[in-house]
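[1] Curious how this folds, go ahead:
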Amino acid sequence: CQCEQCTIMPTALECLCCGENAHAQAKIGIYKDKTGKQLKCITQHPGFNTVCLDEEVLDTAYSHYKQQYGQQIHDMNQRHRYTGYRQFVRWIWGVLGKEIRVVIPSCAVHKIRETFPSADQTYHGFEYSNS
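    Residues are numbered from 1 along each chain as shown. Presented below is the predicted three-dimensional model:
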């Protein structure tokens with residue numbers, strides 16, 4: 001881990017640091033923390049909390065998703081996690097297209113899960129699309 005914020009994930013595929021991801025590094029790029037030091041982790045970027053963790057933003061993004069795809073998630077933390085992951089992908093990669101999936105860096109997954117935990121601490125990991 002280059003960002004010092006990652007956690008061990010269940011599979012080697014999911015053990016990806018934002019420091020290994022060119023898209024995340026490009027987003028971090030010019031940003032510095034309050035002391036003037038270069039950011040180490042995408043979760044320290046000022047946009048991360050707004051785009052991926054703010055409940056009002058997530059609720060708005062989810063309503064758009066639900067309108068487009070019809071999927072309904074009733075558990076609020078699960079809904080916020082799911083939408084937070086989608087928001088992260090849109091923020092870092094832009095529009096990928098239907099059924100195109102990418103591995104989200106462990107640090108971002110950890111921060112989203114920490115903010116919106118599962119009641120039983122079980123999570124569904126990354127899977128490639130079936131199509």
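[2] Pull the contacting residues for Ser118.
    77-78, 81 (CB atoms under 8 Å, 6 or more residues apart in numbering). In short, each C-beta sits where N, CA and C put it, glycine included.
[3] Find the helix or strand that it is a member of.
    Secondary structure assignment for Ser118, by DSSP states H and E: no helix or strand.
[4] what's the answer for Ala26, then?
    helix 22-28.
[5] Report the buried residues of that helix.
    Residues 23-25, 27-28 are the ones in helix 22-28 that count as buried (16 or more other CB atoms under 10 Å).
[6] what residues are up against Ile8?
    Ile8 neighbours (CB under 8 Å, 6+ apart): 15, 106.
[7] separation between it and Asn21?
    17 Å (CB to CB, to the nearest Å).
[8] now Lys40
    Taking CB to CB, one finds Lys40 at 13 Å from Asn21.
[9] quick one: the helices in the chain?
    Counting by DSSP state H, the chain has helices at residues 22-28, 46-48, 55-69, 76-93, 106-115.
[10] what's the angle from the worst-scoring helix or strand of the chain on mean pLDDT to helix 76-93?
    Using mean pLDDT, DSSP states H and E, the weakest-scoring helix or strand in the chain turns out to be helix 55-69, at a mean of 87. Angle, helix 55-69 to helix 76-93, by axes from the mean of the first three to the mean of the last three CA atoms, to 10 degrees: 80 degrees.
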